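Asks: model this:
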Amino acid sequence: MIPYGRQHISQADIDAVTEVLQSDFLTQGPAVPAFEQRLCELTTAQHAVAVNSATSALHIACLALGVGPGSRVWTSPVSFVASANCARYCGANVDFVDIEPDSGNMAVDKLRQKLELARSNDTLPQVVIPVHLAGASCDMQQIHYLANEFGFSIIEDASHAVGASYQDEPVGNCRYSDITVFSFHPVKIITTAEGGMALTNNTELADKMRLLRSHGISRDENLMTEPAHGAWYYQQLLLGFNYRMTDLQAALGLSQSLRLLPIIQKRQLLAANYDRLLTALPLGLPALDDTNISAWHLYIIRLDDKTKRKAVFDGLREAGIGVNVHYIPIHTQPYYQQLGFDWGDFPLAEDFYERIISLPMFPELTGEQQQYIADKLTELLQ
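Replies: Here you go, the predicted structure:
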């Protein structure tokens with residue numbers, strides 16, 4: 001089976017993890033801050049907070065921005081459930097903004113319409129979470145403009161977009177957001193096995209997220225409510241979580257990040273080859289402008305005839321091609337239906353879902369495998 005995505009582990013990665021295994025620290029050592037510093041260098045963000053998953057990063061990002069019971073958080077219906085669940089963990093009310101039919105990203109015009117209605121009803125969101133589907137940035141400049149106009153904070157869910165760029169600048173620089181979140185799951189651009197990171201240019205937000213990832217505990221006497229009792233002393237300043245990243249994970253991520261550019265370049269070549277092989281078929285291909293350089297976590301096609309999707313999907317799987325669908329709209333999940341959402345609420349997202357198939361996309365995918373995939377697609381679409 002050709003998987004839709006998979007990690008690539010080099011000898012340098014193995015050596016980096018082995019070095020940690022032979023060191024004095026398996027967790028809470030020097031590898032985590034080194035990895036954080038590396039991501040700051042790659043993105044130009046001022047602060048990076050490494051955690052054990054992107055879900056954890058989204059959670060503490062919401063908390064750092066003051067999301068709590070009664071808060072309103074909006075995100076995209078076309079994403080993994082974590083993009084919405086993070087707000088529910090805080091007790092917030094979640095709503096969704098429909099998408100652009102070509103990219104699957106949050107539609108700026110739909111966002112403005114929803115914001116204008118919410119302003120008239122006094123139900124504006126506290127936080128909006130745009131999701132960079134497949135590795136291509138949302139129109140963050142325009143979303144940031146709306147944030148200034150309507151008074152909400154922005155968390156970029158850039159789980160797919162490590163190494164992407166927007167307007168000739170790296171995704172993750174937080175120029176147009178308060179916090180950006182990356183994922184390092186094995187099928188993502190680079191991996192720490194499991195892991196995530198929250199980046200920000202706001203020192204106060206960074207400090208809050210660092211507390212939240214480690215039980216709310218600090219050894220910084222400047223933050224304490226009384227003088228330290230001794231070198232052993234710490235205080236729990238707020239209710240936090242055990243969301244720490246281990247040194248083993250960080251060492252792997254740091255090693256992988258050193259070859260981020262060639263990884264992105266290889267994914268770009270694979271995407272360009274898919275474009276060439278599939279251009280004559282009755283389907284929509286990913287479309288980007290020159291200011292939006294995708295990390296190509298996913299290569300998503302959209303069938304012209306959505307009634308064929310299941311047959312095409314099953315036929316590709318039967319041919320040993322591990323296609324997938326990203327994603328089932330969040331608002332259609334039973335949990336969110338219990339909160340009052342239903343099919344029909346976000347028609348563009350639902351139509352997108354009914355047409356899409358994610359083709360295999362990972363650096364070791366060969367030209368021969370891509371040709372095989374294209375040939376099978378051609379057969380199934382005849």
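Asks: Packing partners of the helix or strand of the chain with the lowest mean pLDDT?
Replies: Using mean pLDDT, DSSP states H and E, the weakest-scoring helix or strand in the chain turns out to be strand 292-293, at a mean of 94. Under the contact definition 3 or more C-beta pairs under 8 Å, 6 or more residues apart in numbering; DSSP states H and E, strand 292-293 sits against strand 165-166. Placement of C-beta: from N, CA and C, glycine included.
Asks: how many neighbours does the closest residue in space to Q333 that isn't next to it in sequence have?
Replies: Spatial nearest neighbour of Q333, chain neighbours left out: V81 (6.4 Å); criterion: C-beta to C-beta, 6 or more residues apart in numbering. Counted with other C-beta atoms under 10 Å, residues neighbouring V81 total 15.
Asks: cool, and Y89?
Replies: Using other C-beta under 10 Å, the number of residues around Y89 comes to 17.
Asks: swap in Q236?
Replies: Q236 sits with 12 neighbouring residues when counted by other C-beta under 10 Å.
Asks: Report the separation between the residue nearest to Q333 and P282.
Replies: Note on V81: its distance to P282, by C-beta to C-beta, to the nearest Å, is 31 Å.
Asks: Find the centremost residue of the protein, please.
Replies: Residue closest to the average C-alpha location in the chain (C-alpha atoms, centre = their mean): S159, at 1.7 Å.
Asks: Report pLDDT for it.
Replies: Looking at S159, its pLDDT stands at 98.
Asks: Within its sheet, name the partner strands of the least confident helix or strand of the chain and how each one runs.
Replies: strand 165-166 (antiparallel) (DSSP bridges).
Asks: Residues contacting the strand it pairs with, please?
Replies: S137, M140, V171, T291, N292, I293 (C-beta atoms under 8 Å, 6 or more residues apart in numbering).
Asks: quick one: what helix or strand has the nearest residue to Y89 once chain neighbours are set aside in it?
Replies: Spatial nearest neighbour of Y89, excluding adjacent residues (C-beta to C-beta, 6+ apart): H59 at 5.2 Å. Assessed by DSSP states H and E, H59 sits inside helix 54-64.
Asks: Convert the C-alpha atoms of that helix to PDB, please.
Replies: Presented in PDB, the C-alpha positions along helix 54-64 are these (Å, rounded to 0.1, in the frame of the first residue of the first chain):
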ATOM      1  CA  ALA A  54      -0.600  20.600  18.400                       C
ATOM      2  CA  THR A  55      -3.900  20.000  20.200                       C
ATOM      3  CA  SER A  56      -2.200  20.900  23.500                       C
ATOM      4  CA  ALA A  57      -0.700  24.000  21.700                       C
ATOM      5  CA  LEU A  58      -4.200  25.100  20.600                       C
ATOM      6  CA  HIS A  59      -5.600  24.500  24.100                       C
ATOM      7  CA  ILE A  60      -3.000  26.700  25.900                       C
ATOM      8  CA  ALA A  61      -3.200  29.300  23.100                       C
ATOM      9  CA  CYS A  62      -6.900  29.600  23.800                       C
ATOM     10  CA  LEU A  63      -6.300  29.900  27.500                       C
ATOM     11  CA  ALA A  64      -3.500  32.400  27.100                       C
END
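Asks: and T27, bridged to which residues?
Replies: Bridge pairing for T27 - DSSP bridges - gives T246.
Asks: any idea how far it is from N52?
Replies: 10 Å.
Asks: Please say which of those two ends up with more neighbours.
Replies: Using other C-beta under 10 Å, the more surrounded residue of T27 and N52 is N52, with 21 against 14.
Asks: isn't the more buried one right up against R244?
Replies: Yes - N52 is within contact range of R244, at 6.4 Å (criterion: C-beta atoms under 8 Å).
Asks: How far does stretch 278-294 stretch from one end to the other?
Replies: With C-alpha to C-alpha, to the nearest Å as the measure, stretch 278-294 spans 19 Å from end to end.
Asks: meant to ask about stretch 129-139
Replies: Taking C-alpha to C-alpha, stretch 129-139 runs 12 Å from one end to the other.
Asks: what is the mean pLDDT for that stretch?
Replies: Stretch 129-139 shows an average pLDDT of 98 in the prediction.
Asks: correct me, but R210 touches V51?
Replies: No - taking contacts as C-beta under 8 Å, R210 lies outside contact range of V51: 9.8 Å.
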